[in-house]
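Participant: the sequence and its predicted three-dimensional model are supplied below.
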Amino acid sequence: MTRPAEDGTVLDSVRRGDARALEELYRRHSSRLYALLLRMLRETADAEEILQETFLDAWRRAAEYAAARGSVEAWLITIARSRAIDRIRNRGARLRLVKQSEELAPVQNAQHEPPDVHAQTRLRRALGTLPPEQRRALELAYWDGLSQSEISRETGDPLGTVKTRVRLGLQRLAELLVG
Amino acid sequence: MTHEEFLDQVDAYALGAVEPTEARALEQHLASEGPHPLCEAALARARETVATVAADLEPVAPPPSVWDGVARGIAKGQEPAQSTPAPPEGSALSRERRPARAFRRAPAWTYGVAAAAVLTLVVAGVQVHDARRSAALASASVAECAKDLADARIDVLRKEDALQLLLERGTQLVSLKATPDAQGPLAQSSGVVIFNPRGRALFVGKSFPGQPTRDYELWLIRGGKTVAAGLLPAGPDGRVFADVRPEVFTGGRPQNFAVSLEQKGGERDAPKGPVIFLGAVAAP
């Protein structure tokens, strides 16, 4: 994570309407956010669009940032992930329709796979310490944007069990990654 | 919601894995009279964990065009924190719902057109239909469609305009077939998209049951992408007669059309409600 205190100062300037401050935030965080969006969305055009929307959101809503609820980086990641999850869910509906339509007539659907940016080290080790079912629930929520109800449907596990796995899994990751 | 209930769900909330109603309840708890130091600290910790997972990815520099787009957005005069009050960041409440643009509704309802003119057009339609049969058009019949148009209680000028489109060179008809989700009275409905490669298009449907709380929405499918093509207002007699916006055809020839049943205002990117009709565009 990059200089949370300085990020807070930069965000103060963004709040006052300083576009150069937003550019500074972009310079600091866009590469990490872009990697995250590529991993979640697996499509370059969508990742670029959501990254752009994330920083426009940050510009419009800088006044809403509350330091007590996390760092500026965590705030930006929350915005980016929320928008990516919306896109994934819309895309799910779209894919269902496209799949139905493909039964009527073949459509050209050449998707470009971005490079694999899932090159974790510390994260992979941390995830490796989780029970497989906790890890699976977290991965479905984190990368695929599934809600707990959707995970329950996907895995066939009761919703209460899924909720417990998500809670314990993230808390365990917090111990390992955040300390 | 109690502090304990909040703490129980805060991890899933930070992950974006709660349902919109749950997210709303959590946000209302934080917004309620506080203070909520424990809840805020738990949220901060959960968000930092989520952020740390992302921070472990290998950074990838985005193309310069992304920042250019941000800069353009700012230049358009979007002042920070002065836009319409927004819901909490990254929450279910923050999801924008932009209503789909509605079709132009028939300005007036009339009861018919000169019978001779209709008959002429129907006959002409049959001839066009015969001429095109070998071209493997979708199963919709030009004659049937002309008859439907003749029966439709719409403005005479619009009717003539539609019939003219039907007879234009290169115009295709795409018959939409009911899917298994078209249940009850919907199974009796039918719809046809009449479209010309120049981008002029109409939707004509019949026996569409009234939907007091939902809207019918037309979709165009092209290259694996869905394009919202507008809402389909059903008349009191169950007939639908709607112009399709020409701009939806600018991206190229569609492969399919579909109709879904959405909440009022429709969807922007992809159908969320049941898809009730689907039809394939024949090869040119």
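Facilitator: Yep, it's here.
Participant: ok, and the closest non-adjacent residue to the residue most central in space within chain A?
Facilitator: A centroid search over chain A (CA atoms, centre = their mean) returns residue A:81, at 3.0 Å, as the residue closest to the centre. Distance criterion CB to CB, 6 or more residues apart in numbering or on different chains; nearest residue to residue A:81, sequence neighbours excluded, is residue B:16 at 5.5 Å. From N, CA and C alone the C-beta is placed, and that goes for glycine too.
Participant: mind jotting down where the helices sit in chain A?
Facilitator: Along chain A, the stretches classed as helices by DSSP state H are A:4-15, A:19-41, A:44-60, A:72-102, A:122-128, A:132-142, A:148-155, A:159-173.
Participant: do the same with chain B
Facilitator: B:3-15, B:20-31, B:37-55, B:64-75, B:115-132, B:142-151, B:156-167.
Participant: close to chain A, is the first one?
Facilitator: Yes - when contact is scored as CB under 8 Å from any CB of the partner chain, part of helix B:3-15 falls within range of chain A: B:8-9, B:11-12, B:14-15.
Participant: which secondary structure element of chain B has the lowest mean pLDDT?
Facilitator: Lowest mean confidence among the helices and strands of chain B (mean pLDDT, DSSP states H and E): helix B:115-132, at a mean of 36.
Participant: list the buried ones in the worst-scoring helix or strand of chain A on mean pLDDT?
Facilitator: The helix or strand of chain A with the poorest confidence is helix A:122-128; it has a mean of 76 (mean pLDDT, DSSP H and E). Of the residues in helix A:122-128, A:123, A:126-127 count as buried by neighbour count, 16 or more other CB atoms under 10 Å in any protein chain shown.
Participant: with respect to chain B, which of these is nearest?
Facilitator: Of all these, chain B sits closest to residue A:123, with 3.9 Å by CB to the nearest CB.
Participant: show me what contacts the closest one?
Facilitator: Contact partners of residue A:123, counting by CB atoms under 8 Å, 6 or more residues apart in numbering or on different chains, are A:177, B:52-53, B:56.
Participant: including neighbour count, pLDDT and distance to residue B:236, could the residues you listed go into JSON lines?
Facilitator: Converted to JSON lines, the contacts of residue A:123 look like this (neighbours: other CB atoms under 10 Å in any protein chain shown; pLDDT from 0 to 100; distance: CB to CB, whole Å):
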{"residue": "A:177", "neighbour count": "21", "pLDDT": "73", "distance to residue B:236": "61"}
{"residue": "B:52", "neighbour count": "22", "pLDDT": "84", "distance to residue B:236": "58"}
{"residue": "B:53", "neighbour count": "24", "pLDDT": "83", "distance to residue B:236": "55"}
{"residue": "B:56", "neighbour count": "21", "pLDDT": "75", "distance to residue B:236": "60"}
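Participant: gap between the spatially most central residue of chain B and residue B:220?
Facilitator: Nearest to the geometric centre of chain B sits residue B:228, at 3.7 Å (CA atoms, centre = their mean). To residue B:220, residue B:228 is 8 Å away according to CB to CB, to the nearest Å.
Participant: closest one to residue A:12 out of the contacts of residue A:123, please.
Facilitator: Checking these against residue A:12 with CB to CB, the nearest one is residue B:52 at 24.1 Å.
Participant: anything in contact with each of residue B:228 and residue B:220?
Facilitator: Joint contacts of residue B:228 and residue B:220 (CB under 8 Å, 6+ apart) are residue B:248.
Participant: one step back: what's the burial count for the residue nearest to residue A:81?
Facilitator: 24 (other CB atoms under 10 Å in any protein chain shown).
Participant: any residue of stretch B:233-252 touching chain A?
Facilitator: No - using CB under 8 Å from any CB, stretch B:233-252 stays clear of chain A, coming no nearer than 10.4 Å.
Participant: how long is that stretch end to end?
Facilitator: Distance between the boundary residues of stretch B:233-252 (CA to CA, to the nearest Å) amounts to 26 Å.
Participant: break chain B into its domains for me.
Facilitator: B:3-94, B:115-280 (automatic domain parsing).
Participant: again, but for chain A
Facilitator: Using automatic domain parsing, the domain ranges for chain A come out as A:4-92, A:120-178.
Participant: now, of those domains, which is deepest in the fold?
Facilitator: domain A:4-92 (a mean of 21; mean count of other CB atoms under 10 Å in any protein chain shown).
Participant: for residue 30, which non-adjacent residue is spatially closest?
Facilitator: I'll assume chain A. Leaving aside its chain neighbours, residue A:30 sits nearest to residue B:62 (5.4 Å; criterion: CB to CB, 6+ apart).
Participant: wrong one, chain B
Facilitator: That would be residue B:36: by CB to CB, 6+ apart, it lies 5.9 Å from residue B:30.
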